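**Q** all I have is the shape, not the residue letters:
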């Protein structure tokens, strides 16, 4: 069964291919079956492959699907590499992807671009699977670019509206900046190690580079640049809030569960290089912690339901980056998996709410939906609880708590990281439950026009169940130390060793974290349900700060002044393209002479006669001179 | 008969030819141009006769017969064309037929 | 001696041809010029050519041109047109060019070896023998040329009347 590994990305690709070619001619049902069915089959094969892989107990499995060409040291081959890390990722991608496809069947029911949507979604799933299954960095880069393309296509799906096109362009260009850094990193890796195979690089790196070599640091920073672009971290985070212009299933799949975690995958996969470059690893943590605070505060001020979730995604990925900065690789992956469940759930539920209220995005115009949309209310509540990391019952608690604990107790921990993580947890709880209370409680300001059907409710319920029980596979020391996930990944990713004498404080940290999240819920309840005028007062008294956080800490305007305006200015200067002028000058010279000589053909008989006479004189003169 | 230097004959032919040439270049009326071309043809025929007389052979005269034949054919076709031009353009101005320009 | 008189008459007549406003006047002076050239031919020992010159050139070609002029039915305005088109400074350009050409021709002729002509008679019989002897191909070609001339003149001279539909004719008024 392991040999069917290549089918996992191939099936969605086939689905995309068929839908692109014949989509407009297929009926709605057939298109839905092809689109969702291909990913469903992939999910099934993933389960079978996973069972086979785990039962044989090997550490890795490699499958060469197709060798393209081999020139010198460069070997471009489509070879897939399965190990425990990529198994986690393909499980999440295909499974959550399949649920989202089922959701999309009902969500995009009346959209004329139905088959196009499923074609793009399938293409995206295929690219993401290629990214995580890639055995060499070139194939990974192919998947990387593929997801960028599909993100562009899907954000701008409703392209007839201008702002969707702008948002898609913005996303593509900003991630492109990161992609360039990644490409340069790849070049350096290739010239140093003469191979792009990931496992070869990871085994050769510790031998060629000692800890702290400048080359290793440079490569690590470049790879970080690429990861930062795709995962929407500082300084390339401005595209993700605007990417909410796409349909909600797109936001769930791409901008919550999978594409934005490509950066996390990259850094974790190349963890050997980061261990050889402590400075870069420190910066991973710094970027993660600053971003999580920044995005958390911004999420507090948003009124668009999906934008709150977008900033929340940025913030949670900041947690994953922070974990990687601490060297807690398996914690980062654990948090990725749990985050994929509850964030996809939240986005899908938000999409269902927006659809039910007939495309109303403003939270402050919703309200009272507790009774009207009960399934959505309960699943959203579970997802929000997981996000806010309510203690003991939610999966989010276990994953986030592990990161918090290691931020205090890990060998690379420092006070800044710990405080950032704590404050971040507090702010997360506040903005999450602010979102819940404003949307579902209070009086109904917009009426429900369309109650969602089973295809929307079922994925929500499944994801809600996973958001609760998913955490139970990894319990901390104080609760029995059931470390299934870490043990699963431990031969592959090194675990974090703790500092001296901190084991006792684990309980304290957990209590502090639990209190913070409960306190955040209570504050949100107080300000937004019981004492609503207080929220208005806070907003008006701190209006400057509020606006600053609302506009994403001014990054958009900063980039606009720093980069966009000068570029537009220079391109306006060069409107006549003076470099091209050299070539067009040749043309205009030829045209000039043409117009001069064309005048000699005047059509007048006498003019031609004069020409003949002049010619005769010239010939006779020349022959006379030659004779003499 | 007197001896005649050949240069005089040829120079006469040259002068007549040049006069015809000036007339062709100067005139705007098509019929005058045709007449001027006849003058030029006649002058070249004179040059041939002079050359034939120099060698006392019939070749020059044969050449003149050919020139004569050609002139006759040319005039007839040319006049037919002039009639058509007059019919189309309603004028005998040669500058009026300048559509093939640029 | 006679040669120089005849040549003077030819040149004068040609100058008159090229400076007249009236076409018929110019053609008459042209006839005079041809007659003078015919005399010169006779003096050069080519009597047959002289006769041909008068008959074909002066008799047929010039008459043909006169016929066409009369057919065109030009009125007084043609003379005025000519007067308008003829100005003094129109002669400058062609005059200079032609003077240069004439100078070169004279130069070429004068720098050749001087030869004297002695007016031996080459009569029609010799011409005929030469035509149907070595120059037979030329005769054939001339025949072809004349046929082309006839066919061309007939075809080009035809005037097709433009037939318009009677409704269009009515709307034209």
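**A** Sure, I can see it. Bear in mind the structure is a predicted one, so any value in this text is a computation, not a measurement. Numbers count the residues shown, from 1 in each chain, chains lettered A, B, ... in the order given.
**Q** mind checking how far the residue positioned nearest the centre of chain A is from residue A:239?
**A** Centroid-nearest residue in chain A, with CA atoms, centre = their mean: residue A:260, separated by 2.2 Å. Residue A:260 is 10 Å from residue A:239, where distance means CB to CB, to the nearest Å. No exception for glycine: its C-beta is placed from N, CA and C like everyone else's.
**Q** now do the shared contacts for the two.
**A** residue A:232 (CB atoms under 8 Å, 6 or more residues apart in numbering or on different chains).
**Q** ok, back up a step: tell me the contacts of the residue nearest to the centre of chain A?
**A** Contacts of residue A:260 (CB under 8 Å, 6+ apart): A:230-232, A:240, A:254, A:313, A:317.
**Q** mind listing which of these are in helices?
**A** A:230, A:240, A:313, A:317 (DSSP state H).
**Q** can you tell me the closest non-neighbouring residue to the third one?
**A** So that's residue A:313. residue A:256 (5.4 Å; CB to CB, 6 or more residues apart in numbering or on different chains).
**Q** the one you found: neighbouring residues, count only.
**A** 30 (other CB atoms under 10 Å in any protein chain shown).
**Q** so it, which state does it fall into?
**A** Under DSSP: H, G, I helix; E, B strand; the rest coil, residue A:256 falls in the helix class.
**Q** same thing with residue C:120?
**A** Per three-state DSSP, residue C:120 ends up coil.
**Q** hmm, residue C:45 and it touching each other?
**A** Yes - assessed by CB atoms under 8 Å, residue C:120 is found in contact with residue C:45 at 5.4 Å.
**Q** those two: who's more crowded?
**A** More crowded of residue C:120 and residue C:45, by other CB under 10 Å: residue C:45, with 20 against 12.
**Q** per-residue pLDDT, the more buried one?
**A** If you check residue C:45, the pLDDT there is 85.
**Q** what do you get for residue A:223?
**A** So residue A:223 comes in at 92 (pLDDT).
**Q** now name the helix or strand holding the closest residue to it other than its chain neighbours.
**A** When the adjacent residues along the chain are set aside, residue A:223 lies closest to residue A:185, with 4.7 Å between them (CB to CB, 6+ apart). Residue A:185 is part of helix A:162-193, with elements assigned from DSSP states H and E.
**Q** buried set for that helix?
**A** Judged by neighbour count using 16 or more other CB atoms under 10 Å in any protein chain shown, the buried positions of helix A:162-193 are A:164-165, A:167-168, A:170-172, A:174-175, A:178-179, A:181-186, A:188-190, A:192-193.
**Q** if we can go back for a sec, among the ones in helices among the contacts of residue A:260, who's most crowded?
**A** residue A:317 (31 neighbours).
**Q** find the nearest non-adjacent residue to that one, please.
**A** residue A:231 (5.1 Å).
**Q** equivalent analysis for residue B:76, please.
**A** Using CB to CB, 6+ apart, the closest residue to residue B:76 is residue C:153 (4.3 Å).
**Q** quick check: buried residues in the lowest-mean-pLDDT helix or strand in chain A?
**A** Ranked by mean pLDDT, DSSP states H and E, the weakest helix or strand in chain A is helix A:484-489, scoring a mean of 72. Buried residues in helix A:484-489, counted by 16+ other CB under 10 Å: A:485-486, A:488-489.
**Q** which residue ranges of chain B form helices?
**A** Using DSSP H, helices in chain B cover B:6-26, B:30-55, B:59-89.
**Q** tell me if the first one is near chain A.
**A** The reference is to helix B:6-26. Yes - remark: helix B:6-26 sits within contact range of chain A at B:21, B:24-26, by CB under 8 Å from any CB of the partner chain.
**Q** which elements pack onto the helix holding residue A:185?
**A** Here helix A:162-193 touches helix A:137-155, helix A:198-208, helix A:214-230, helix A:239-242, going by 3 or more CB pairs under 8 Å, 6 or more residues apart in numbering or on different chains; DSSP states H and E.
**Q** next one: the second one to chain centre, how far?
**A** In other words, helix A:198-208. Relative to its chain's centre, helix A:198-208 lies at 27 Å (CA atoms, centre = their mean, to the nearest Å).
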